[in-house]
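Student: Could you work out the structure for the sequence below:
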Amino acid sequence: MKLPSEERHALGILHPGEMGTSVAASAQNSGCSVYWVADGRSAQTAARAARIGLENAESLVRLCELCSVIVSVCPPDAAETVATSVLEQGFTGLYVDMNAIAPQRAIHIGEMMAAGGARFVDGGIIGGAAWKPNSTCLYLSGEHAQEAADCFAAGPLETRIIGNAIGKASALKMCFAAYSKGTTALLCAVMGAAEGLGVRAELEQQWSEEGSAFAIEAEQRVRQVTSKAWRFAGEMDEIAATFGAVGLPDGFHAAAAEMYRRIADFKGAVALPALDEVLTALLANERATK
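Tutor: Numbers count the residues shown, from 1 in each chain. All right, here's what the predicted structure looks like:
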């Protein structure tokens, strides 16, 4: 499927991690030439870019010259820095921020872009890497949301426009992740506390009453989240800020951010860590103060 205008857009992706690469693939499917900047990126990122045939623009300044659309998919705490770096190159095209950031941060970045002469779309991705249809949805908001949606028309990434207000797509992402990722952080805390208090075996036995598989599921969730905990920590900070901005307590998700920071060092592990390793990392701070 070609873009509705039948024109082949040049789209830049900053930066093609696991999610960003899948977003780039949907743009390619939809008729875009997709560029990235290899300078300073890891060998793993370069391998992902090569696997789907992304074109290396060599530098950010060249990327901004080549591309009429730039998409940002990066850790949330880097979103504003990445946007600033693009503006500093004189970019005046369409900037689509797909990061897990608080709506007030999205509004601020949108104001930055408008002041610099660029158009801005707020995006929030719900789901994993978008390699299969009906698995991942990009929510978009802002006056130019349809223009962004057109870049991914052929999928498998789905798009849904939810209004003209910048911040709405980010708000939805924050509320969704507040539960889905926040409860996993809570589970980490529960299992860490049970381990520290010497009642983990009894808790798991209680969870297994009447044939329940929850004890097994809980262990899997705590072990599996370690690969992305480094990224989720910043996301929890953004959710805390989102809740605080509407007058709700922000402490739960601030604590969730701390839980994820304690297991962030498992990033890049070749094998899934054992549960005992994860619980040791979770309790390290507490034991260090004794």
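
Student: check which helix or strand covers the residue nearest to residue 249 when sequence neighbours are not counted.
Tutor: If the residues on either side of it in the chain are set aside, residue 249 comes closest to residue 243, at 6.8 Å by CB to CB, 6 or more residues apart in numbering. Using the backbone N, CA and C atoms, a C-beta is placed for each residue, glycine as well. According to DSSP states H and E, residue 243 maps onto helix 229-245.

Student: by contact count, what packs against that helix?
Tutor: Contacts defined by 3 or more CB pairs under 8 Å, 6 or more residues apart in numbering; DSSP states H and E place helix 229-245 against helix 103-115, helix 168-180, helix 182-196, helix 251-262.

Student: could you check the angle helix 168-180 makes with it?
Tutor: 110 degrees (axes from the mean of the first three to the mean of the last three CA atoms, to 10 degrees).

Student: Could you give the separation of helix 229-245 from the chain centroid?
Tutor: Put simply, helix 229-245 sits 11 Å off its chain's centre (CA atoms, centre = their mean, to the nearest Å).

Student: same deal with stretch 142-161?
Tutor: What separates the centre of stretch 142-161 from the centre of its chain is 18 Å, taken as CA atoms, centre = their mean.

Student: Let the chain start at 53 from now.
Tutor: Right, with 53 as the first residue, what we last looked at is stretch 194-213.

Student: got the buried residues for it?
Tutor: For stretch 194-213, burial by neighbour count (16 or more other CB atoms under 10 Å) applies to 194, 196-197, 199-211, 213.

Student: Longest strand in the protein, by number of residues?
Tutor: Here the longest strand in the chain is taken by residue count, with DSSP state E as the criterion, and it is strand 171-178.

Student: Give me the mean pLDDT for whatever helix or strand comes next after that one.
Tutor: Downstream of strand 171-178, the next assigned helix or strand under DSSP H and E is strand 189-193. Averaged across strand 189-193, pLDDT comes to 98.

Student: cool, stretch 302-319 as well?
Tutor: Average pLDDT, stretch 302-319: 97.

Student: cool, stretch 254-265 as well?
Tutor: Predicted confidence along stretch 254-265 averages 96 (mean pLDDT).

Student: Who are the contact partners of the residue lying closest to residue 212 once chain neighbours are set aside?
Tutor: Distance criterion CB to CB, 6+ apart; nearest residue to residue 212, sequence neighbours excluded, is residue 191 at 5.3 Å. For residue 191, the contact set (CB atoms under 8 Å, 6 or more residues apart in numbering) comprises 175-178, 211-214, 221, 224-225.

Student: Please produce CSV containing those residues, extended by pLDDT and distance to residue 156.
Tutor: Compiled in CSV, those are given as follows (pLDDT from 0 to 100; distance: CB to CB, whole Å):
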residue, pLDDT, distance to residue 156
175, 98, 16
176, 98, 14
177, 98, 19
178, 98, 20
211, 98, 23
212, 98, 22
213, 98, 21
214, 98, 17
221, 98, 13
224, 98, 14
225, 98, 13
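
Student: nearest to residue 128, of the residues you listed?
Tutor: Nearest to residue 128, judged by CB to CB, of the contacts of residue 191 is residue 225 at 10.0 Å.

Student: Just give me the neighbour total for the closest one.
Tutor: Neighbour count for residue 225, taken as other CB atoms under 10 Å: 29.

Student: My read is that it contacts residue 152, right?
Tutor: Yes. The pair residue 225 / residue 152 is scored as a contact, 5.7 Å apart, by CB atoms under 8 Å.

Student: so what sits against both of these two?
Tutor: Overlap of the contact sets of residue 225 and residue 152 (by CB under 8 Å, 6+ apart) consists of 176-177.

Student: For residue 327, which non-adjacent residue is spatially closest?
Tutor: Residue 327 sits nearest to residue 271 (CB to CB, 6+ apart), 5.2 Å away.

Student: one step back: just the buried residues of stretch 194-213: which are in helices?
Tutor: Taking DSSP state H, the ones among the buried residues of stretch 194-213 that sit in helices are 197, 199-202.

Student: would CSV of those residues with distance to residue 147 and pLDDT be doable?
Tutor: Output for these, formatted as CSV (distance: CB to CB, whole Å; pLDDT from 0 to 100):
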residue, distance to residue 147, pLDDT
197, 13, 98
199, 11, 97
200, 9, 98
201, 15, 98
202, 15, 97
